[in-house]
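Colleague: Sharing a model that was predicted from the sequence below.
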Amino acid sequence: MSAAGSNVRENWSARSGFIFAAVGSAVGLGNIWRFPYVAYENGGGAFLLPYLIALVTAGLPLLFLDYIVGHKYRRSAPLSYQQITAKAESIGWWQVMVCLFIGLYYASVLAWAASYVYFSFGQKWQADPENFFTNQYLQSNTLQSGSSAGLSLDIIPHLFFPIVAMWLIVLTILLLGIKRGIEWSNKIFIPLLMVLFLILVVTAVRLPGAMTGLDAFFTPNWQAMSSYKVWLAAYGHIFFSLSVGFGIMVTYASYLGKKVNLTASGLVVGLANSSFELLAGIGVFAALGFMAQVQGVPVSDVVKGGIGLAFIVFPKLISSLGSGGDWFGCLFFSCLVFAGITSLVSVMEVPISAIVDKTGCQRKTAVLGVGGGTALVSTLLFSTASAMMLVDIIDHFINNIGVVLGALLSIVLVAWLMRSKLSEYTRHVNAISSIKLGKVWQILLMVVTPLSLIVALVLTMSELFSAGYGDYSRAMVMTFGWGSVLCCLLGAILLPYLPHQKNKRGDAKSTTSIRESHHE
Ligand code: PFF
């Protein structure tokens, strides 16, 4: 074996390893704190229809495309796109940059959740969870005002150590590799998450007032369906929810063996993700119903999504449960941690595999270099009183522009510019899958998926240009919001120039043939 032999691309030990990892990526914080709120805001029970239509007409078709690209070329995102046409390598590097930015802030939210597992015992937030979270815990109130409002670089120890711990866990999993690290951790965390979450939901629906919450969640507002915003919310949510367009699914599918039932795997992943999401809606709204009853207010008064739901509303609810709330809190925040770790691992695997493929370096070097570097920046930036502002701004820009544009570019490439590829991919997937794809899939990819992404992108961009984002100063939004998008662009332009292993060793051909033979 040549020097490249030590760099043979590792595979999942079985298809189940891939499915667990793909479910682990898809089931993340978004399922727990995003879906229930988005559904409630957009027609409640009636939202399920646009949601299912978006899943079938855009989410699954794009998921299949990601799988096929990864499986056919068996390379990380940049080198897979490069196989389609040389210039397309940049699309993959754009996705790599997007993943790096997500990794930066996602770890910090996970660290908060981990701290709240501990805070749940004895309900450390006491009478005022909102004040505790923003002022005592995140210390956002210590920030000065002015054009640099919100920026502080002083490290807060109680934020620092949990982020370091999260990164140590994630980097260890990544260091252990595909089979022993990613596959095993998902095979442990996902079943554990399912069991804990089921206990949580069953406890929630048995609380007094739970039915009022479920009524509020499921009562359909059919009128909402005539609003384009509801459809946009459904399409916008489904890409994020399935983790498509990030390069994650391309990367994970590249570790599959030759003969794998790709479409059936995609359906299993989609079904598991949506079922989890629905279960989260039931659990969250049952709990909110209970809280509304305790406070004597309508459910609409207590509904929130995102960070506010997890770190302000849930602690209030836990307090209303008395001392039994400690366990409820511990369960809820542990679920956030387990769901989040597997998603963070998936998002960091994208840059790591890209660097290994491109430069031919050892996996360990890439994990320590790229993963360690991201961990360092993440720890330094997000252990400060600016953490909340940075999470909010970067998350908004990266998800609404970064992810959407990455997904759109990959579709425009395959379904518009290189249309002949679609028939080639259809033959590729149908030769190994039980559920066959055909013209319908191709048309969905050529029309529905790109149009929904274009509309979402145009509307978000025009809103950002006209109204800015949140109450943050312009300087902060420019630096961290548009600045992150600019960094992704720079990465997409410059990273293709990284020395390719072919140039470095002159043995790209032997590396490829070793990879191919390994897969036979
Ligand atoms: N599907 C994931 C979620 O719902 O949270 C999306 C995701 C976010 C995946 C962040 C990976 C990640 F790091």
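Modeller: Noted; the coordinates are in hand.
Colleague: Surely residue 444 and residue 59 touch.
Modeller: No: Residue 444 lies out of contact with residue 59 (Cβ atoms under 8 Å); the separation is 10.2 Å. Glycine gets a C-beta too; all of them are placed from N, C-alpha and C.
Colleague: by contact count, what packs against the helix or strand containing residue 443?
Modeller: Per DSSP states H and E: residue 443 is located in helix 439-443. Here helix 439-443 touches helix 420-432, going by 3 or more Cβ pairs under 8 Å, 6 or more residues apart in numbering; DSSP states H and E.
Colleague: Low-confidence stretches in the stretch 251-400 of the chain?
Modeller: The model of the stretch 251-400 of the chain has no residue with pLDDT under 70.
Colleague: sorry, back to before: and the contacts of the helix holding residue 443?
Modeller: 61, 64, 415, 422-423, 426 (Cβ atoms under 8 Å, 6 or more residues apart in numbering).
Colleague: Let's see the ChimeraX selection covering just the buried ones among those residues.
Modeller: To isolate the buried members of the contacts of helix 439-443 in ChimeraX, using 16 or more other Cβ atoms under 10 Å:
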select :61,64,415,422,426
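Colleague: Dump the contacts of helix 439-443 into TSV; add distance to the ligand and pLDDT as well.
Modeller: Shown next, in TSV, are the contacts of helix 439-443 (distance: Cβ to the nearest ligand atom, whole Å; pLDDT from 0 to 100):
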residue	distance to the ligand	pLDDT
61	17	97
64	17	98
415	23	95
422	26	95
423	30	95
426	26	97
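Colleague: what about residue 444 and residue 59, which has more around it?
Modeller: Counted by other Cβ atoms under 10 Å, residue 444 and residue 59 do not tie: residue 59 has more neighbours, with 29 against 21.
Colleague: Spell out which parts of the stretch 201-350 of the chain neighbour the ligand.
Modeller: 240-241, 243, 343-344, 346-347 (Cβ under 6 Å from any ligand atom).
Colleague: Out of these, which is nearest to residue 173?
Modeller: residue 344 (9.3 Å; Cβ to Cβ).
Colleague: wait, isn't the closest one in contact with residue 105?
Modeller: No: counting by Cβ under 8 Å, residue 344 does not reach residue 105; the two are 10.3 Å apart.
Colleague: Next, count neighbours for the residue of the stretch 301-450 of the chain found nearest the ligand.
Modeller: Going by Cβ to the nearest ligand atom, the ligand is nearest to residue 347 of the stretch 301-450 of the chain, at 3.2 Å. When neighbours are counted by other Cβ under 10 Å, residue 347 registers 25.
Colleague: With adjacent residues omitted, what lies nearest to residue 375?
Modeller: In this structure, residue 375 finds its nearest non-sequential neighbour in residue 167, 3.8 Å apart by Cβ to Cβ, 6 or more residues apart in numbering.
Colleague: cool, residue 396 as well?
Modeller: Once flanking residues are discounted, residue 396 sits nearest to residue 469: 5.9 Å by Cβ to Cβ, 6+ apart.
Colleague: Now do the same contact list for that neighbour.
Modeller: 393, 396-397, 477, 481.
Colleague: re the thing from before, mind listing what's buried in the helix holding residue 443?
Modeller: Using 16+ other Cβ under 10 Å as the test for burial, helix 439-443 gives 441-442.
Colleague: Over to stretch 490-504?
Modeller: 491-492, 495-496, 500-501.
Colleague: State the pair within the residues you listed that is farthest apart.
Modeller: Pairwise over these, using Cβ to Cβ, the maximum falls at 492 and 501, 20.2 Å.
Colleague: burial measure for the nearest residue to residue 298 once chain neighbours are set aside, as a count.
Modeller: The spatially closest residue to residue 298, leaving aside those adjacent along the chain, is residue 292, at 6.2 Å (Cβ to Cβ, 6+ apart). Neighbourhood size, residue 292 [other Cβ under 10 Å]: 22.
Colleague: Next: residue 262.
Modeller: Residue 262: 26 surrounding residues under other Cβ under 10 Å.
Colleague: Same question for residue 30.
Modeller: For residue 30, the neighbour count with other Cβ under 10 Å is 23.
Colleague: That one and residue 239 touch, don't they?
Modeller: No: judged on Cβ under 8 Å, residue 30 makes no contact with residue 239 at a distance of 10.6 Å.
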